[in-house]
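> Below: sequence and its predicted model.
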Amino acid sequence: MLTENVYINGEWIETGDEIASQNPANTQEVVARVSKGNRGTAKQAIDASVEAQDEWKSLTQPERGSYLRDAAEVVEERFDEIVDLVVRELGKTEGSARGEVQRTVDLLNYYAEVARDKGGIAPPSASQQTLTYTKREPWGTAGVITPWNFPIAIPTWKIAPALVAGNTVVFKPASLTPGTAAALVQAFDKADLPAGVLNFVPGSGSEVGDEIVTSDSVDVVSFTGSSRVGKHVYESAVSDGKRVQTEMGGKNPIIVDETADIEHAVQLTISGAFSGIAGQACTATSRAIVFEEVYDEYLEQLIKSVEDLTVANPTESDPNLGPKVSQSELDSDLEYIAIGENEGATLAVGGDQLTGGEYEDGFFVEPTVFTEVEPDMRIAQEEIFGPVLAVLSVSGFEEAISVANGVDYGLTASLCTNDLSRTQRFTRDIETGVVKVNQTSTGVGMQMPFGGRKQSSSETFKEQGRQALEFFSHEKAVYVTHLED
């Protein structure tokens, strides 16, 4: 079991209160105990961050990047240990957990390298005596608030560019997975990151999160989580004049047209909707929008494939799906399954909580597929955040796009097709921030910008790629004129 404290000004500090995370596949197992911060602890962390700003900002970007590279080495050295922690604390399958930890290593190394050549530009001046150029500078202190579903990768893709850009960071992780988040901070600590540059305060959103968002000493806020909380974070941060980005929910479709490779389309649907993390991803496939010409063929293969999926404790076997992360998340899935049945959709497969035997002490639900779904049904409109897929039939491309866009979210969307012209229309007409063709709705390249539209995002700044450095820094335009004697 991992035991750790809050991390402020380079010191691990016990607070007298703790957060205990449990294994969602076996709630009898406590995975980690981490000291719990409060509003006062958050203020201490912010003060330490402000104190460390000048020294950290004085380093060059490559110098700051070297700490990321050293932290990546620590994560690599502890790779299997951290994978096991992700599996036990979150309930991910081992393959999914290994992918997340590897992405953490890759992100740290990526931003260490980007730091070498990400800077300003030098456009020519109208005067031969004047040099014009731009330079980027950090904002100061960045507040980073992250969710539980990618407990080490999402913090990394926020913290790494924030640090490289020259900001200091106050980091509040999700209370369901504080142990995995602590492992990332441990890596920076062992990399000898200067005191105060990164501060770690687990705790409640109402205390720690609110202090980070509303403090006058925090200059920029990056949040990933639910749309409800994200709206509050955005409004609070903006009202205080902060730069803010929020990444929130999704209701992501996969569209399957009459030219698609149906077997491949089914594989993509299964991967996006069910595999690895039991649908608990903002990019997960939640709707399959299928042309009526191939609807029956697609549905037959889909249901058979879902029936073959295995659900089990990922610490004891290698299933396709593990548990839901908590009782409340399980209850939410079961509620939406009941809503779907009450709305008149057909429950084609799954739909039950798994209990007894190996499931007795965990939060398990069957992968579930609804058919005969109408676009205005709640299961086709609202984010479920679980292994529940709504399948809709459409008459053609125009209706498919209308149905896909007819929700309040706009994060990712996928099209399965062999029609090039339709691909071009899809990339133009779909109202999402991430557009994919013949790929799952999940998974994004670290070098590519990530963010959504509508209620999926504040629609301000993108995450990941070089754009992340632009969010965590501001640009100065400089004019230097040489006066001749």
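Yep, it's here.

> OK, contacts around the closest residue to residue 301 other than its chain neighbours?
Once flanking residues are discounted, residue 301 sits nearest to residue 266: 4.6 Å by CB to CB, 6 or more residues apart in numbering. Quick note: C-beta positions are derived from backbone N, CA and C, even for glycine. Going by CB atoms under 8 Å, 6 or more residues apart in numbering, residue 266 touches 298, 301, 302, 305.

> Show me what residue 13 bridges to in the sheet.
Here residue 13 sits in beta bridges with residue 6, going by DSSP bridges.

> show me the contacts for it.
5, 6, 7, 35, 41.

> Could you single out the nearest of those to residue 462?
residue 7 (28.3 Å; CB to CB).

> so when I look at residue 448, I'm seeing a helix, right?
No - counting by DSSP: H, G, I helix; E, B strand; the rest coil, residue 448 falls outside a helix, being coil.

> Test my guess that it contacts residue 464.
Yes - the pair residue 448 and residue 464 qualifies as a contact (CB atoms under 8 Å) at a distance of 6.5 Å.

> right, and the helix or strand after the host helix or strand of residue 400?
Assigned by DSSP states H and E, residue 400 belongs to helix 397-405. Scanning forward in sequence from helix 397-405 by DSSP H and E, the next helix or strand is strand 409-410.

> what packs against that next one?
strand 453-454 (3 or more CB pairs under 8 Å, 6 or more residues apart in numbering; DSSP states H and E).

> What helix or strand is the residue nearest the centre of the chain located in?
Nearest to the mean C-alpha position of the chain, by CA atoms, centre = their mean, lies residue 154 at 5.0 Å. For residue 154, the element it lies in under DSSP H and E is helix 153-164.

> Would you mark the buried spots in that helix?
153, 154, 155, 156, 157, 158, 159, 160, 161, 162, 163, 164 (16 or more other CB atoms under 10 Å).

> other SSEs contacting the helix or strand following that helix?
Downstream of helix 153-164, the next assigned helix or strand under DSSP H and E is strand 168-172. With contacts taken as 3+ CB pairs under 8 Å, 6+ apart, strand 168-172 sits against helix 39-57, strand 141-145, helix 153-164, strand 198-200.

> Is residue 348 within a helix or a strand, and which one?
Assigned by DSSP H and E, residue 348 falls in strand 346-349.

> Show me how far that strand is from its chain's centre.
30 Å (CA atoms, centre = their mean, to the nearest Å).

> before we move on, back to that, quick check: which of the helices and strands packed on strand 168-172 is nearest to residue 212?
strand 141-145 (3.9 Å).

> In terms of secondary structure, what does the closest one contact?
Using 3+ CB pairs under 8 Å, 6+ apart, strand 141-145 is in contact with helix 39-57, helix 153-164, strand 168-172, helix 210-214, strand 220-224.

> May I see the helices and strands packed on strand 168-172 arranged in TSV, with mean pLDDT and distance to residue 129 as well?
Shown next, in TSV, are the helices and strands packed on strand 168-172 (pLDDT from 0 to 100; distance: least, CB to CB, whole Å):
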stretch	mean pLDDT	distance to residue 129
helix 39-57	98	31
strand 141-145	98	39
helix 153-164	98	34
strand 198-200	98	44
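
> Please identify which of the ones you listed is closest to residue 398.
Between the helices and strands packed on strand 168-172, helix 153-164 lies closest to residue 398; by CB to CB that is 35.9 Å.

> helices or strands next to that closest one in the packing?
helix 61-77, helix 94-114, strand 141-145, strand 168-172, helix 178-190, strand 220-224, helix 467-471.

> run the last query once more with 7 Å
helix 61-77, helix 94-114, strand 141-145, strand 168-172, helix 178-190, helix 467-471 (3 or more CB pairs under 7 Å, 6 or more residues apart in numbering; DSSP states H and E).

> Would you mind saying which of these lies nearest residue 30?
The nearest among the helices and strands packed on helix 153-164, by CB to CB, is helix 178-190 at 9.8 Å.

> Other residues contacting that closest one?
Contacts with helix 178-190, where a contact means CB atoms under 7 Å, 6 or more residues apart in numbering, come from 2, 4, 7, 19, 21, 31-32, 34, 71, 74-75, 82, 85-86, 89, 151-152, 155-156, 173, 198, 200, 202.

> Can you check what angle separates it from helix 94-114?
30 degrees (axes from the mean of the first three to the mean of the last three CA atoms, to 10 degrees).

> change the start of the numbering to 741 and stick with it
That works, and once the first residue is 741, the last one we named lands at helix 918-930.

> If you count neighbours, what's buried in helix 918-930?
918, 919, 920, 921, 922, 923, 924, 925, 926, 927, 928, 929.

> re the thing from before, what's next to the strand holding residue 1088, contact-wise?
Contacts of strand 1086-1089 (CB under 7 Å, 6+ apart): 1043, 1046, 1047, 1080, 1081, 1108, 1109, 1110, 1111, 1112.

> Need the nearest residue in space to the third one, chain neighbours excluded.
Yep, that's residue 1047 we're talking about. In space, residue 1047 is closest to residue 1089, 5.8 Å off (CB to CB, 6+ apart).
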